[in-house]
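[1] let's see this in three dimensions:
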Amino acid sequence: MVQIGGRSVATNDVGVIGAGAVAFIFSFVPWFSIKSTYYGASYSNSANGWSTDLGGYFWGWLAILLLLAVAGLTAALTFGNVRLPSLPLPLPLVLAGASGLSILLILIRWLAYPDIPSGISGGASFGLFLALIAAIAQTVFNVLNLRAGTGVAGNPPAPPTNWPGQGQPPYGQPYGQQPPQGYGQPPQGYGQQPPQGYGQQPGYGQPPTGGGYGQQPPQGYGQPPAGQ
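    Numbers count the residues shown, from 1 in each chain. Purely as a prediction, here's the structure:
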């Protein structure tokens, strides 16, 4: 796990996001370049990953969009607590498949470049190779998440069910158990009448302890002995 902005982020998720960012950066550098010399003058031209003029193919930028979508979705799940609806396939499998498809599209873009005529040097350039490496890296990180069951795609954040502190057990009480008797209730007897005789003086001529208030004292107490 890696700490980013106070959050614990899976290492493979960091790799997925980073690979997408790298592919996006290198989509603007030459993917195809040519160079020729004509009557002593040197001429050169190049096309990046977003160019479609060489053969009219869109495979390059489609691959870049897939890599960006996978990286952006992983970042949204990680830092934005975004939740997706249920999918027919596991989300880690979908992300790994999208990254793998981007590899295939970059390879198709490579093969679709026109042949270089004699007297002209050129071909696929370093931008294409670096973007291809980034696509492979993103696919590997997604496959690792899929196999290990790690990453935010396979473990989305749980939705909040209550406001903070609402419906939670008291501190130290296991979740799902009833709180101890009396929790959140006044002490037993609170607001009720005190026991009979509590706080009252015993009646005149009665013993301090014994029968309740208003009862006759025990026989013989406060009376002359029998026979006198």
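[2] which SSE is Ala71 in?
    Assessed by DSSP states H and E, Ala71 sits inside helix 59-79.
[3] just the mean pLDDT for that helix, thanks.
    The average pLDDT within helix 59-79 is 91.
[4] the next helix or strand after that helix - contacts with which helices or strands?
    Once helix 59-79 ends, the next helix or strand along the chain (criterion: DSSP H and E) is helix 91-112. Judged by 3 or more CB pairs under 8 Å, 6 or more residues apart in numbering; DSSP states H and E, the packing partners of helix 91-112 are helix 11-25, helix 59-79, helix 126-148. For every residue, glycine as well, the C-beta is placed using N, CA and C.
[5] swap the cut-off to 10 Å and go again
    In terms of contacts (3 or more CB pairs under 10 Å, 6 or more residues apart in numbering; DSSP states H and E), helix 91-112 is packed against helix 11-25, strand 32-38, helix 59-79, strand 120-124, helix 126-148.
[6] can you give me the buried ones in that helix?
    For helix 91-112, the neighbour count (16 or more other CB atoms under 10 Å) marks 91-103, 105-106, 109-110 as buried.
[7] restrict that helix to CA atoms and write it as PDB.
    The C-alpha coordinates for helix 91-112 follow below in PDB (Å, rounded to 0.1, in the frame of the first residue of the first chain):
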ATOM      1  CA  LEU A  91     -14.800  -4.800 -12.900                       C
ATOM      2  CA  PRO A  92     -11.100  -5.900 -12.500                       C
ATOM      3  CA  LEU A  93     -11.600  -8.200 -15.500                       C
ATOM      4  CA  VAL A  94     -13.100  -5.400 -17.600                       C
ATOM      5  CA  LEU A  95     -10.200  -3.100 -16.800                       C
ATOM      6  CA  ALA A  96      -7.600  -5.800 -17.600                       C
ATOM      7  CA  GLY A  97      -9.400  -6.500 -20.900                       C
ATOM      8  CA  ALA A  98      -9.500  -2.800 -21.900                       C
ATOM      9  CA  SER A  99      -5.800  -2.400 -21.200                       C
ATOM     10  CA  GLY A 100      -5.000  -5.600 -23.200                       C
ATOM     11  CA  LEU A 101      -7.100  -4.300 -26.100                       C
ATOM     12  CA  SER A 102      -5.100  -1.100 -26.100                       C
ATOM     13  CA  ILE A 103      -1.900  -3.200 -26.700                       C
ATOM     14  CA  LEU A 104      -3.500  -4.800 -29.700                       C
ATOM     15  CA  LEU A 105      -4.600  -1.500 -31.100                       C
ATOM     16  CA  ILE A 106      -1.100   0.000 -30.800                       C
ATOM     17  CA  LEU A 107       0.300  -3.000 -32.600                       C
ATOM     18  CA  ILE A 108      -2.300  -2.600 -35.400                       C
ATOM     19  CA  ARG A 109      -1.400   1.100 -35.700                       C
ATOM     20  CA  TRP A 110       2.300   0.000 -36.000                       C
ATOM     21  CA  LEU A 111       1.600  -2.500 -38.700                       C
ATOM     22  CA  ALA A 112      -0.700  -0.100 -40.600                       C
END
